[in-house]
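Asks: Sequence isn't available, so here's the structure alone:
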Ligand SMILES: [Zn+2]
């Protein structure tokens, strides 16, 4: 795990694995939140693997709420939004992930895929459909 949190009392960032900070602050709640975020992330992955995209998004949203700096969870959300063809949401999640972890090897590929898909999508919606829908 990367440093996922800092002490809410003194902002020390070297508190990973501690239950009490150097300043005496109680960190057990923080650890529980972190454990919950891990569990939600894993449930999100399981739901995604099972094809339950909407459910997976809910788990990932919970993970991101508990641990807003989790770049992997934001990237997972981006992929899920893309599966639902919600390109603005997918891009927003991806940009958030990019802010948190600009050197992630996944970013360039995801950006390209999203841009290409969004372009295809715009062309499709920009052209009125004449595919036999009119009587
Ligand atoms: Zn502290």
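Replies: Received, thanks. Computed from a predicted model, the values in this text were never measured in an experiment.
Asks: hey, let's count contacts and neighbours off CA atoms from now on
Replies: Will do.
Asks: Contacts only, for residue 25.
Replies: Contact analysis of residue 25 by CA atoms under 8 Å, 6 or more residues apart in numbering lists 7, 9.
Asks: and the gap between it and residue 35?
Replies: As defined by CA to CA, to the nearest Å, residue 25 lies at a distance of 19 Å from residue 35.
Asks: same question, residue 63
Replies: When residue 63 is compared with residue 35 (using CA to CA), they lie 10 Å apart.
Asks: Those two: which is more packed in?
Replies: Between residue 63 and residue 35, residue 63 has the larger neighbour count (other CA atoms under 10 Å), namely 27 against 14.
Asks: show me what contacts that one?
Replies: Applying CA under 8 Å, 6+ apart, the residues near residue 63 are 36, 37, 38, 40, 41, 70, 73.
Asks: longest helix anywhere in the protein?
Replies: For the chain, the longest helix by residue count, based on DSSP state H, is helix 28-49.
Asks: need the next SSE after it, C-terminal direction.
Replies: Sequence-wise, the next helix or strand downstream of helix 28-49 (DSSP states H and E) is helix 53-66.
Asks: Can you name the element that comes right after that next one?
Replies: helix 71-83.
Asks: Now do the buried residues in the helix or strand just after that following helix.
Replies: Stepping forward along the backbone from helix 71-83, the first helix or strand reached (DSSP H and E) is helix 87-100. For helix 87-100, the neighbour count (16 or more other CA atoms under 10 Å) marks 87, 89, 90, 91, 93, 94, 95, 96, 97, 98, 100 as buried.
Asks: what do you get for stretch 20-27?
Replies: Applying 16+ other CA under 10 Å to stretch 20-27 flags 21, 26, 27 as buried.
Asks: now do stretch 7-24
Replies: 7, 15, 16, 21.
Asks: now check it, is it near the ion?
Replies: Yes. Interface with the ion: stretch 7-24 contributes 7, 9, 10, 21, 23 (CA under 5 Å from the ion).
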